[in-house]
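A.B. asks: need a structure here:
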Amino acid sequence: MEELKNARIEHGKHRGQLWTRLPLAYVRFLANSSHGTQQAIALAELERRGVDPRNDGHGIEVTMHAIDRASQKLLHIWDERRKGDEGLATWLARSSLDALQKGEFRNGRYEFEGVRYVIKEGYLEPVLASIYPLDEKNYEEENT
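C.D. replies: This is a model prediction of the structure:
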């Protein structure tokens, strides 16, 4: 682990920064979504920080794309179903986990309470890749 002390990330928006200086959420994202050496470094960095990668999140990774889709298509549902002052990302995490547990799986997506969830497998936890209302008529297949 000592050899990773001065390791720098080689790509992306944090290119050239020390792994030890990366935001925790980004390190978790890389640990969940990357493969090979990059994933190993991300997991080692989480361990160095004392973070248990399987128990320190919401239980699901919510992509920016999913947050964007929800903010464009599902704000009315979020407003009706959120708990107290629950934010959009937290609601997405909670409702996605509900969809995994209680929803119906059709055509590679989970359908639950009027919403279709595109949930993919991640290394550490599932990934909410996209989300849209069940009644959306012109949904085009997304490569998320």
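A.B. asks: contacts, neighbours, all on C-alpha from now
C.D. replies: OK.
A.B. asks: what's in contact with the helix or strand hosting Ala31?
C.D. replies: Assigned by DSSP states H and E, Ala31 belongs to helix 24-33. Residues from elsewhere that reach helix 24-33, judged by CA atoms under 8 Å, 6 or more residues apart in numbering: 38-40, 42-43, 45-46, 53, 61, 122-125.
A.B. asks: List the buried residues of the helix or strand that that helix is followed by.
C.D. replies: Counting by DSSP H and E, the next helix or strand C-terminal to helix 24-33 is helix 36-48. Neighbour counts over helix 36-48 (16 or more other CA atoms under 10 Å) mark Gln38, Gln39, Ile41, Ala42, Leu43, Ala44, Glu45, Leu46 as buried.
A.B. asks: any idea of the pLDDT on the nearest residue to the fourth one once chain neighbours are set aside?
C.D. replies: The one in question is Ala42. Closest residue in space to Ala42, ignoring its immediate chain neighbours: Ala31 at 5.0 Å, by CA to CA, 6 or more residues apart in numbering. In this prediction, Ala31 carries a pLDDT score of 89.
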